[in-house]
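[1] my questions are about this predicted structure, shown below with the sequence.
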Amino acid sequence: MERRAKPKVVQDIARQRIEILFDLSKQELEAHPKRAARYIEIARKISSKYNERLTKKQKQSFCKKCNTPIIPGKNATVRIVSKPKKHLLITCGSCGAVKKHFLDKIEKPSKTIREKSRNEGA
Ligand SMILES: [Zn+2]
């Protein structure tokens with residue numbers, strides 16, 4: 001396996017595929033949850049193989065433990081905790097994994113969540 005940097009075209013394709021897989025996994029979540037998790041798994045593999053980083057938004061949109069796409073209000077519980085430090089507590093509805101997002105590290109958490117639920121409604 002080559003370790004050299006991949007050509008830019010390849011990187012672009014990798015990024016596009018990751019985006020497509022993330023979109024697909026959201027669409028499939030309801031009808032085929034296992035398939036949705038599989039899409040995220042593939043997207044993560046592409047991302048590590050091609051050194052193509054996931055965007056912040058993408059990283060927040062799935063459960064690291066079971067790869068299920070996280071959609072607040074649908075298959076995940078999101079709570080805002082203010083003590084000792086402001087953070088979001090996101091509980092995955094399918095495996096129960098809890099993750100924290102510290103709010104000072106997130107640029108606009110409320111906007112991200114609104115966007116997510118809007119995309120879901122469409
Ligand atoms: Zn999970």
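    Here it is on my side, so go on.
[2] from now on I want contacts and neighbour counts done on CA atoms only, so please keep to that.
    Fine.
[3] the helix or strand containing residue 36 near the ion at all?
    Element membership for residue 36, per DSSP states H and E: helix 33-49. No. Counting by C-alpha under 5 Å from the ion, no contacts exist between helix 33-49 and the ion, the nearest distance being 9.3 Å.
[4] does the helix or strand immediately after that helix in the chain reach the ion?
    Where DSSP H and E defines the elements, the next helix or strand beyond helix 33-49 is helix 56-60. No. Residues of helix 56-60 are not located near the ion by C-alpha under 5 Å from the ion, the shortest gap being 12.1 Å.
[5] near the ion, which residues of the protein are found?
    63, 66, 92, 95.
[6] buried subset of these?
    Neighbour-count burial (16 or more other C-alpha atoms under 10 Å) is assigned, among these, to 63, 66, 92.
[7] how about the strands in this structure?
    In the chain, the segments counted as strands under DSSP state E are 76-81, 87-92, 98-102.
[8] switch the buried ones among the residues of the chain next to the ion over to JSON lines; also include pLDDT.
    JSON lines is the format used below for these (pLDDT from 0 to 100):
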{"residue": "63", "pLDDT": "95"}
{"residue": "66", "pLDDT": "95"}
{"residue": "92", "pLDDT": "95"}
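[9] got a markdown table for these, with distance to residue 79 too?
    Putting these into a markdown table (distance: C-alpha to C-alpha, whole Å) gives the following:
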| residue | distance to residue 79 |
| --- | --- |
| 63 | 16 |
| 66 | 20 |
| 92 | 12 |
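[10] nearest to residue 35 among the residues you listed?
    Relative to residue 35, the closest of these is residue 66; by C-alpha to C-alpha it sits at 11.8 Å.
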